[in-house]
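1. With the sequence up front, the predicted model follows.
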Amino acid sequence: MFGKVKNVFFVGIGGIGMSGIAELLLNSGFGVAGSDLAPSKITDNLAQRGAVIYSGHAAENLGEADVLVYSSAVNKENPEVIEARNRNIPVISRAEMLAELLKLKPTSIAVGGTHGKTTTTSLLGTVLTEAGLDPTLVVGGIVKSLNVNAVLGKGDIIVAEADEFDRSFLHLTPTYAIITTVDHDHMECYEDENDLIHSFAQFANAVPFYGAVSVCMDDPLIKKVIPLISRPLLTSGLSDDADFTANNIRYEEVSTTFDVLQNGTILGTVTLQIPGQHNVTNALTVIALCLEIGMEMDVIAKGMNSFTGVRRRFEIKGVFDEIMVVDDYAHHPTEVSATLKAVREGWNRRIIAVFQPHLFSRTRDFFHEFATVLTMADCIVITDIYPAREKPIEGITGKLIADKAASLGHDEIHWIPDKTEIPITLQEIAKSGDIIITMGAGDIWKMGDEFITLMGQETVTA
């Protein structure tokens, strides 16, 4: 495995994608070291498992590394990257390392899509695990039932999340692929919509002729990708023209039950312990693929029923005084809409949406759409932008969304630029029976946790 390479260094090891690969390599017997700007639960976990972790970046951190792996968030002027190049140590992207890992098992499955790929990857991994297939998993989130984002299995299947940011997924050559959705996001990495569509088609066509690609037919842009795919297709969704569909969908709070049909014939009934129509369509892509690789419907259904979700994906953090606090990673208008729709479908309760925009560029490009979908909530709390990798853009703040929502006629909007004031505001406005949902890819989840603490309660950890 990897020839003479024994020691691997990760720049940005605390990232959710990097840490999963680091954990797999640790479990495979490699020496693993890495650096990040600050310690975190993720880096602490890796350290406990034997990784050497450095806070901050410095040339001397590189040590005896045989290869350096960097994340897409890392600056090319990083001192460790420069030192590796000076020492003629191979410098590769996370995507290139993931591509090599996919070759370690006879069957590899890559799950791509603008929205839903983390949940779908985790759901597929859980179904395979419950079926006794002992898969290897690399997920872009913490699978709640496993409390990790990577598992080194002894079986013949590896399942990995495939990221379209920076076109990373084009490094992969999986046996099978899933595409959940295609949407306008990370457009700084693509020339235009046509380029985005062709890139997803390229990802699909990397599958060999004996593999298959499972796609959701409900997605408008996927319908533009399909004619460009030259590999066997498994189509699913709520569309009449899909091969695999769902009928008789019942939403009851956090659970969703539906009948699965193939070309009009009922195969069985599935109950998910996660809410929302978007998760029905995610599940259908998994069902289609699992049937393709020879699994039985009753085994698939049993595995799906055992899936309890992913951290930061509709994660219930606290229930008290008939108030439920939920956290969700939604950071694109399509995701915010799907999450709020799921709450409306499952509960007949007042919704307080607490939203932290993620990235200045995304806020600039979608502030109107964010405002529109947030009006689905009864009460809107908006804080300022989580910048992540970006520098500020003049005139772009979270207030753009708040003002636009107000102009659309919503009459209960709270613009709170300093997020640390949100817990007190929630204490003032929350009523018995409310569902409070924090949304965003940044650190807004902390405000939900602090509100729970402020109310004298403890957060749910399982």
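-> Yep, that arrived. Just so it is clear, the structure is predicted and the values come from calculations on it, not from any experiment. Numbers count the residues shown, from 1 in each chain.

2. Assumed residue 137 was part of a strand.
-> Yes: assessed with DSSP: H, G, I helix; E, B strand; the rest coil, residue 137 lies in a strand.

3. wait, it sits on residue 151?
-> Yes: contact criterion CB atoms under 8 Å: residue 137 and residue 151 qualify, at 4.4 Å. The C-beta positions use only the backbone N, C-alpha and C, and glycine is treated the same way.

4. Need the overlap of contacts for those two.
-> Residues touching both residue 137 and residue 151 (CB atoms under 8 Å, 6 or more residues apart in numbering) are residue 125.

5. between the two, who's got more neighbours?
-> The residue with more neighbours, out of residue 137 and residue 151, is residue 137; 26 against 21, by other CB atoms under 10 Å.

6. Nearest residue to the residue most central in space within the chain in space, please, no chain neighbours.
-> Taking CA atoms, centre = their mean, the centroid of the chain lies closest to residue 118, which sits 3.5 Å from it. Among residues not flanking residue 118 along the chain, residue 141 sits closest, at 4.2 Å (CB to CB, 6 or more residues apart in numbering).

7. Quick check: phi and psi at that neighbour.
-> Main-chain torsions, residue 141, degrees, to the nearest 10: phi -170, psi 170.

8. Enumerate every residue touching it.
-> Shown in contact with residue 141 (CB under 8 Å, 6+ apart): 16, 118, 119, 122, 149, 310, 311, 312, 313, 329.

9. ok now stretch 421-435, how far from the chain's centre?
-> Here the centre of stretch 421-435 is set off from its chain's centre by 27 Å, with CA atoms, centre = their mean, to the nearest Å.

10. Equivalent analysis for stretch 346-355, please.
-> Its chain's average C-alpha position is 22 Å from that of stretch 346-355, according to CA atoms, centre = their mean.

11. again, but for stretch 14-22
-> How far stretch 14-22 lies from its chain's middle: 13 Å, per CA atoms, centre = their mean.

12. about what we covered before: so the residue nearest to the centre of the chain: helix, strand or coil?
-> Applying three-state DSSP to residue 118 yields a three-state assignment of helix.

13. Can you check the pLDDT for it?
-> Looking at residue 118, its pLDDT reads 94.

14. tell me the contacts of residue 173?
-> Applying CB under 8 Å, 6+ apart, we find residue 173 in contact with 99, 102, 206, 207, 208.

15. let's see 6 Å
-> Counting by CB atoms under 6 Å, 6 or more residues apart in numbering, residue 173 makes contact with residue 206.

16. Relative to residue 205, how far out is it?
-> Between residue 173 and residue 205 the distance is 10 Å, computed by CB to CB, to the nearest Å.

17. Number of residues surrounding the nearest residue to residue 209 once chain neighbours are set aside?
-> Nearest residue to residue 209 in three dimensions, chain neighbours excluded: residue 231, at 6.8 Å (CB to CB, 6+ apart). Residue 231 has 17 neighbours, counted by other CB under 10 Å.

18. isn't residue 231 right next to residue 206, touching?
-> No: Residue 231 is beyond contact range of residue 206, at 8.8 Å (criterion: CB atoms under 6 Å).

19. Give me the neighbour count for residue 439.
-> 27.

20. if I look at the residue lying closest to it once chain neighbours are set aside, how far off is residue 341?
-> In this structure, residue 439 finds its nearest non-sequential neighbour in residue 330, 4.4 Å apart by CB to CB, 6+ apart. Distance, residue 330 to residue 341, using CB to CB: 11 Å.

21. what are the ranges of the helices in the stretch 151-300 of the chain?
-> Under the criterion DSSP state H, counting those that start in this stretch, helices of the stretch 151-300 of the chain are mapped to 193-205, 220-225, 277-292, 297-305.

22. mind exporting the longest one as CSV, just the C-alpha atoms?
-> Meaning helix 277-292. The C-alpha coordinates for helix 277-292 follow below in CSV (Å, rounded to 0.1, in the frame of the first residue of the first chain):
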residue,chain,number,x,y,z
GLN,A,277,-38.9,14.9,1.5
HIS,A,278,-35.3,15.6,0.5
ASN,A,279,-34.2,12.6,2.6
VAL,A,280,-36.8,10.4,0.8
THR,A,281,-35.1,11.2,-2.5
ASN,A,282,-31.7,10.8,-0.9
ALA,A,283,-32.7,7.3,0.3
LEU,A,284,-34.1,6.3,-3.1
THR,A,285,-30.7,6.8,-4.7
VAL,A,286,-29.2,4.5,-2.0
ILE,A,287,-31.9,1.9,-2.5
ALA,A,288,-31.4,1.8,-6.2
LEU,A,289,-27.7,1.3,-5.8
CYS,A,290,-28.0,-1.3,-3.1
LEU,A,291,-30.4,-3.3,-5.2
GLU,A,292,-28.0,-3.0,-8.1
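
23. host element of residue 33?
-> strand 31-36 (DSSP states H and E).

24. which strands and helices sit next to that strand?
-> If contacts are counted by 3 or more CB pairs under 6 Å, 6 or more residues apart in numbering; DSSP states H and E, strand 31-36 sits against strand 7-11, helix 16-27.

25. Name every sheet partner of it and say whether each one runs parallel or antiparallel.
-> The strands beside strand 31-36 in its sheet (DSSP bridges) come out as strand 7-11 (parallel), strand 52-55 (parallel).

26. now that strand: mean pLDDT?
-> 96.

27. what's the angle between it and helix 16-27?
-> Angle, strand 31-36 to helix 16-27, by axes from the mean of the first three to the mean of the last three CA atoms, to 10 degrees: 160 degrees.

28. What's the first helix or strand after strand 31-36?
-> Next along the chain after strand 31-36, taking DSSP H and E as the criterion, comes helix 41-48.

29. So which residues make contact with that following helix?
-> Contact partners of helix 41-48, identified using CB under 6 Å, 6+ apart, comprise 14, 19, 22, 36, 53.

30. gap between the residue nearest to residue 118 and residue 120?
-> Plainly put, residue 141 is 11 Å away from residue 120 if you go by CB to CB.

31. Over to residue 100?
-> To residue 120, residue 100 is 23 Å away according to CB to CB.
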